[in-house]
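S.K.: Model the following, please.
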Amino acid sequence: MSDATAKKEERRKFQAIRGTRDLLPPETALWNRVEQTAHEVFSTFGYGEIRLPIFEPTDLFARAVGGETDIVSKEMYKLQNELEPLRDHAIGESKRQKNAQQLSMAIIMFVFFAYKLKLALDSHEMPVEGVTPSEKLISLVNQGYGRWTESRPTAWGQEWPLFFAECEELALKIPIENDSLRPEATASVCRAYIEHNMQQQPQPVKLYYTGPMFRRERPQKGRYRQFYQIGAEVLGGADAPAIDAEVIEMLMTFFDKCGLQGSTLYINSIGHNADNCRRGYVATLKAALEKVKDKLGPDSQRRIDTNPLRVLDSKLESEQAIIATLPHIADHLCDDCKTHYAEVKRQLEVRGILYQENWRLVRGLDYYMRTTFEITAPGLGSQNAVCGGGRYDGLVELLGGPPTKGIGFAIGEDRLILSLQESGKGQAQQGRDIYIAWMGERAYAAAIHAAKDLRKAGFSVELPPVEQKFGKALGQADKLGAKYALILGDNEVSEGLWTIKTLSTGEQAKFPEPDLLEFLRRQKNVSS
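M.R.: Residues are numbered from 1 along each chain as shown. Below is the predicted model of the structure:
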């Protein structure tokens, strides 16, 4: 590398990866306020917080979300286990060996795979159930390598296909786990419910979470590849419509406490995944879509075979008139689902919650059934959904747990914050309550003491580390957005009277130290 290239590398500016970004003060104060509101509101409804791993086995999401969904097939960030491609390469080489040279390559690849497998076993990276076939394979490969090094055959022998067939059989029995960054959290919550036998607790179990999710989507306004969600799940108990309504009531209470204005709640029922309900509708819908397939875009054409319901979720302008003519699921609900949906609507009305019905609201994930809902908010453009959720009574069972009722939602926190900012409700003030302007060594000791007492009382305090001239100190206090300047000099220390200056009005007053704290508390109560 030339000196010029080396210097250029040294000067390189590192930036956040596309689709991610830094959240900085004062905006993070708004994020904290929104999340604190979630903690407060959700706890009043009896929910407890769950904190989940950021990565999980890929199969968990493939089974829960659906292997044919865009999330699993296109968008997940998969953490590749190096053992998988090594195994596949070794098996591939073993299948094509027809002469001594190809035999050597196949042996070497299996030796390398066995070496990496041994390292994984020694570091406890492999699951316990994989130890027996792994150890058998390692032993077999060592034996085969020994035979090969001893004879160094110049001709390909017929005994080697049997050897490699046994290696392949053992290799394919080894459970090599692949992990992915979580694209959503419902599957993780259900996994935790099963793993920790939470069905033994009083039912239903009410849980909520906050944190980052990851999807490899095209970044746009309000949509990032690392994005944040606030969500809640109710697992166990009955599938009573009152539970659905209370979940939505809690959600709307949270948005109200956050100050979100102009939001709209949409609801629908997509029926039960049974022969006489949703499956029948999906068959009818697919038949109708096949008739207009040539008028639809590539994504919708693909979804006719993978998930016809997703066509209803299309945002393409050219497809809207076609979709408007498709069969409505409300006309295909079984009697039980019709009764359930009618009672959900009645329960919402009893709670005074306004809603609009949207027959096209199907949700994008395979595990939803019956009640689905979505909240939109202003200021977000075409991607205006700020929250979505619904019922998923079969998901826990699908993941290997007992039959369990379930319903939940996920709030797109990035979009919620953006909507609050667009409406003017998200103005976050970073200022300090008090800036201590001290002058002189005696005053510095008093300033340290004052800062400690004021912070203990809950005030945010800026204590400059070096002495400043009075004018510069006030200028710095103004830049930091401080409400007050506490002025401490030799006179204030000698007299025992501390000067407080209200920076917005310029008014000054002197107080004995004990009275100063009471004055600031009264002012804080008045302003709040």
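
S.K.: Restricting to C-alpha, output the helix or strand containing Lys510 in PDB.
M.R.: Of the helices and strands defined by DSSP states H and E, Lys510 is found in strand 508-512. This file holds the C-alpha atoms of strand 508-512, laid out as PDB (Å, rounded to 0.1, in the frame of the first residue of the first chain):
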ATOM      1  CA  GLN A 508     -32.600  38.300  40.500                       C
ATOM      2  CA  ALA A 509     -33.300  37.400  44.100                       C
ATOM      3  CA  LYS A 510     -31.200  36.400  47.100                       C
ATOM      4  CA  PHE A 511     -32.000  33.500  49.400                       C
ATOM      5  CA  PRO A 512     -30.400  31.700  52.300                       C
END
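
S.K.: Geometric centre of this protein: which residue is closest?
M.R.: Met213 (2.7 Å; CA atoms, centre = their mean).

S.K.: now Leu316: how far from Asp299?
M.R.: 8 Å (CB to CB, to the nearest Å). No exception for glycine: its C-beta is placed from N, CA and C like everyone else's.

S.K.: Look at the residue nearest to the centre of the chain and report its pLDDT.
M.R.: pLDDT, Met213: 92.

S.K.: Name the SS class of it, please.
M.R.: Three-state call for Met213 (DSSP: H, G, I helix; E, B strand; the rest coil): strand.

S.K.: Go ahead and confirm it touches Gln229.
M.R.: Yes. Contact status for Met213 versus Gln229: in contact at 5.4 Å, counting by CB atoms under 8 Å.

S.K.: overlap in contacts of the two?
M.R.: The contact sets of Met213 and Gln229 overlap at Glu184, Ala185 (CB atoms under 8 Å, 6 or more residues apart in numbering).

S.K.: and Gly400, what does it touch?
M.R.: Ile194.

S.K.: Can you tell me what sits against whichever helix or strand Glu492 is part of?
M.R.: According to DSSP H and E, Glu492 maps onto helix 490-495. Residues external to helix 490-495 that are found in contact with it (CB under 8 Å, 6+ apart): Met439, Gly440, Arg442, Ala443, Ala446, Trp498, Thr499, Lys510.

S.K.: between the residues you listed, which is closest to Thr253?
M.R.: Proximity of the contacts of helix 490-495 to Thr253 (CB to CB) peaks at Trp498, which lies at 43.7 Å.

S.K.: Just say helix, strand or coil for the closest one.
M.R.: With three-state DSSP as the basis, Trp498 sits in strand.

S.K.: Hmm, it is touching Phe511, no?
M.R.: Yes. Judged on CB under 8 Å, Trp498 makes contact with Phe511 at a distance of 6.0 Å.

S.K.: The two: who's more crowded?
M.R.: Trp498 (22 against 16; other CB atoms under 10 Å).

S.K.: residues contacting Phe227?
M.R.: So Phe227 contacts Pro212, Met213, Phe214, Arg215, Gly412, Glu413, Asp414 (CB under 8 Å, 6+ apart).

S.K.: who wins for neighbours among the residues you listed?
M.R.: That'd be Gly412 among the contacts of Phe227, by other CB under 10 Å, with 26 neighbours.

S.K.: wait, isn't it in contact with Gln229?
M.R.: Yes. Assessed by CB under 8 Å, Gly412 is found in contact with Gln229 at 6.5 Å.

S.K.: List the residues that contact Ser180.
M.R.: Applying CB under 8 Å, 6+ apart, one finds that Ser180 lies in contact with Phe55, Glu56, Pro57, Thr58, Phe61, Met76, Tyr77, Lys78, Leu79.

S.K.: One more pass at 7 Å, please.
M.R.: Phe55, Glu56, Thr58, Phe61, Met76, Tyr77, Lys78, Leu79 (CB atoms under 7 Å, 6 or more residues apart in numbering).

S.K.: now swap in Tyr444 and tell me
M.R.: Residues counted as contacts of Tyr444 (CB under 7 Å, 6+ apart) are Trp438.

S.K.: Okay, and it sits in which element?
M.R.: Counting by DSSP H and E, Tyr444 is part of helix 441-456.

S.K.: Using CSV, write down the CA coordinates of that helix.
M.R.: Extracted C-alpha coordinates of helix 441-456, given in CSV (Å, rounded to 0.1, in the frame of the first residue of the first chain):
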residue,chain,number,x,y,z
GLU,A,441,-11.9,29.2,45.2
ARG,A,442,-14.2,29.5,48.3
ALA,A,443,-17.2,29.8,45.9
TYR,A,444,-16.1,26.6,44.1
ALA,A,445,-16.4,24.5,47.2
ALA,A,446,-19.9,26.0,47.8
ALA,A,447,-20.8,25.4,44.2
ILE,A,448,-19.9,21.7,44.5
HIS,A,449,-22.0,21.4,47.6
ALA,A,450,-24.9,23.3,46.0
ALA,A,451,-24.8,21.1,42.8
LYS,A,452,-25.0,17.9,44.9
ASP,A,453,-28.0,19.1,46.9
LEU,A,454,-29.8,20.4,43.8
ARG,A,455,-29.3,17.2,41.8
LYS,A,456,-30.4,15.2,44.8
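
S.K.: Give the buried residues for it.
M.R.: Ala443, Tyr444, Ala446, Ala447, Ala450, Ala451, Leu454 (16 or more other CB atoms under 10 Å).

S.K.: could those residues be laid out in a markdown table, adding pLDDT and distance to Cys167?
M.R.: Output for those, formatted as a markdown table (pLDDT from 0 to 100; distance: CB to CB, whole Å):
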| residue | pLDDT | distance to Cys167 |
| --- | --- | --- |
| Ala443 | 87 | 80 |
| Tyr444 | 90 | 75 |
| Ala446 | 87 | 79 |
| Ala447 | 89 | 75 |
| Ala450 | 88 | 75 |
| Ala451 | 90 | 70 |
| Leu454 | 89 | 72 |
